[in-house]
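Novice: I'd like to go over a predicted model; first the sequence, then the structure.
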Amino acid sequence: MTLFFRNALMIDPEAGSERSGNLIVDAGRIASVDAANPPRDARVIDCAGHCLAPGIVDWGVQVGEPGARHKESFRSAGLAAAAGGVTTIIARPDTDPAIDSPELLEFVTRRAQAETPVRIRHMAALTRGRQGREMAEIGFLRDAGAIAFTDGDRVTEDTRVLSRCLTYARSLGALVVGHPQDPGLSRGAAATSGKFASLRGLPGVSPMAERMGLDRDMGLIEMTGARYHADQITCARTLPALERAKANGLDVTAGISIHHLTLNEFDLGDWRTFFKLTPPLRAEDDRRAMVQAVASGLIDVICSMHTPQDEESKRLPFEQAAAGAVGLETLLPAALRLWHGGEIGLAQLFRALSLNPARRLGLDAGRLEPGAPADLVLFDPHAPFVLDRFALRSKSGNTPFDGARMQGRVLATFVGGEQVFPDGSAR
């Protein structure tokens, strides 16, 4: 089918531009971005001046298959992604069992293709069982389609094991995703250390734990020459180490979750466990520093770090409750808070949401130019609404934005030129 998007405000993260125009999609790819009239027999979509941008590539989504399908299935994650303007999910391997063998990877790949309306690619475990003791079958996993390797929020404490993994990954050109954190300092922490955590009686972790974790990883990257991505950089004290690593020519990128960009430690005020995250929410000064780092390009990627948890694991005292929040459907409206606040432009925002993750992972996505896949999101950045967690398409509703006033609604999502939202099956 040929599609003609009329009167759209096109957000091009590669060119860094926002301009009004028309766009043609043919055979699942963008055919033209400056057409004046629709081709014959094309389906015309009047965008009414709303924003048309490359679909979001959400790096670091947890899906509960296998092991926790009651929290999130491939189908529910896919429907939530489509409703949130996410056209490509990069799934984490922290399942039960962990995705540490080609057989498991092939199983989840087939399940995802059968159940999800959006694209989905998988990361695989760096070590067997994510235990940090023995390297996983990185070569075979890469051949089976693994897009990167990570143990998630489990830090490999044995530096000899990690250095061997990095050396082998470098020989294959594979990307390793790390979680910068000193495990000794951060173990058991529920909040960022400081006066606020002390007043609330919560066990805290110093921001220096993140800085120390990144310093260690950068030393190993310098030694091995591996490709590395830090999944979450959340503290101002960590930024100089990241800046030095990039300046020294290390093949390093970094990401941050939308929750750490838009929330701070004071949101924990009433001990609401939906705000318990890993790493914990930081001080407002740290949050502002992270926004500036994204705007400058020092931090490359914004993601949802979608982590579904069931009611039973969240309805516990704050220290005992499971960490994590869902974010597939809230990623875009939460990110638009930064635009509404004048902190970052739309083109910059989609550079971090779409273009940069696609480039780093070697995906043909995140672009708004002829020949690119027609993975698109049409959204109204000004549409106001109050978020109701029970209306989310995810199986889990553990969002810190429940009841929050937000601006920015997805009007339509397209994957390969096919409209996947709104759709009758999306409810």
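Specialist: In hand now; what should we look at? Residues are numbered from 1 along each chain as shown.

Novice: Tell me where this protein has helices.
Specialist: For the chain, the helices defined by DSSP state H occupy 74-83, 102-115, 138-143, 159-172, 183-186, 195-200, 208-224, 239-247, 258-262, 284-296, 311-314, 331-340, 346-350, 356-361.

Novice: what sits against the closest residue in space to Pro39 that isn't next to it in sequence?
Specialist: Distance criterion C-beta to C-beta, 6 or more residues apart in numbering; nearest residue to Pro39, sequence neighbours excluded, is Thr2 at 5.4 Å. (C-beta placed from N, C-alpha, C; glycine too.) Listed by C-beta atoms under 8 Å, 6 or more residues apart in numbering, the contact set of Thr2 reads 24-26, 31, 39, 41-43.

Novice: Give me the distance between Thr2 and Pro38.
Specialist: For Thr2, the distance to Pro38 equals 8 Å [C-beta to C-beta, to the nearest Å].

Novice: which residue is nearest the centroid of the chain?
Specialist: Cys303 (2.4 Å; C-alpha atoms, centre = their mean).

Novice: beta partners of that one?
Specialist: Ser257 (DSSP bridges).

Novice: I figured it was touching Trp59, is that so?
Specialist: Yes - using C-beta atoms under 8 Å, Cys303 makes contact with Trp59 at a distance of 4.6 Å.

Novice: Mind listing the shared neighbours of those two?
Specialist: Common neighbours of Cys303 and Trp59, counting by C-beta under 8 Å, 6+ apart, are 255, 357.

Novice: Buried deepest among the helices of the chain, which one?
Specialist: helix 74-83 (a mean of 26; mean count of other C-beta atoms under 10 Å).

Novice: what packs against that one?
Specialist: Helix 74-83 is packed against strand 56-61, strand 86-91, helix 102-115, strand 405-415, strand 418-421, with contacts defined by 3 or more C-beta pairs under 8 Å, 6 or more residues apart in numbering; DSSP states H and E.

Novice: in the protein, what spans have low per-residue confidence?
Specialist: Within the chain, the segments meeting pLDDT under 70 span 424-427.

Novice: ok, 80 please
Specialist: For the chain, applying pLDDT under 80 flags the ranges 269, 423-427.

Novice: Might one say that Ile56 is in contact with Ala83?
Specialist: No - Ile56 lies out of contact with Ala83 (C-beta under 8 Å); the separation is 11.7 Å.

Novice: circling back to that earlier point, filter the contacts of Thr2 down to the buried ones.
Specialist: 24-26, 31, 42 (16 or more other C-beta atoms under 10 Å).

Novice: how about JSON lines for those residues, with distance to Pro117 added?
Specialist: Output for these, formatted as JSON lines (distance: C-beta to C-beta, whole Å):
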{"residue": "Ile24", "distance to Pro117": "23"}
{"residue": "Val25", "distance to Pro117": "17"}
{"residue": "Asp26", "distance to Pro117": "21"}
{"residue": "Ala31", "distance to Pro117": "23"}
{"residue": "Ala42", "distance to Pro117": "23"}
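
Novice: Relative to Phe140, which of those residues is nearest.
Specialist: Phe140 lies nearest to Val25 out of the buried ones among the contacts of Thr2, by C-beta to C-beta, at 37.1 Å.

Novice: Against Ala42, how distant is that closest one?
Specialist: Applying C-beta to C-beta, the value for Val25 to Ala42 is 9 Å.

Novice: what does Met135 give?
Specialist: The value you get for Met135 to Ala42, if C-beta to C-beta is used, is 52 Å.

Novice: same thing with Ser206?
Specialist: For Ser206, the distance to Ala42 (C-beta to C-beta) stands at 58 Å.

Novice: Could you report the neighbour count for the spatially closest residue to Leu104 that is not a sequence neighbour?
Specialist: Once flanking residues are discounted, Leu104 sits nearest to Pro97: 6.8 Å by C-beta to C-beta, 6+ apart. Pro97: 14 surrounding residues under other C-beta atoms under 10 Å.

Novice: Number the residues from 727 up from this point.
Specialist: Taking 727 as the first residue, the last one we looked at is Pro823.

Novice: right, and Pro823 touches Pro792 too?
Specialist: Yes - taking contacts as C-beta under 8 Å, Pro823 lies within contact range of Pro792: 6.9 Å.

Novice: shared neighbours of those two, which are they?
Specialist: Residues touching both Pro823 and Pro792 (C-beta under 8 Å, 6+ apart): Leu830.

Novice: can you name the two of the buried ones among the contacts of Thr728 that are farthest apart?
Specialist: Using C-beta to C-beta, the buried ones among the contacts of Thr728 reach their maximum pairwise distance at Ala757 and Ala768, which is 10.0 Å.
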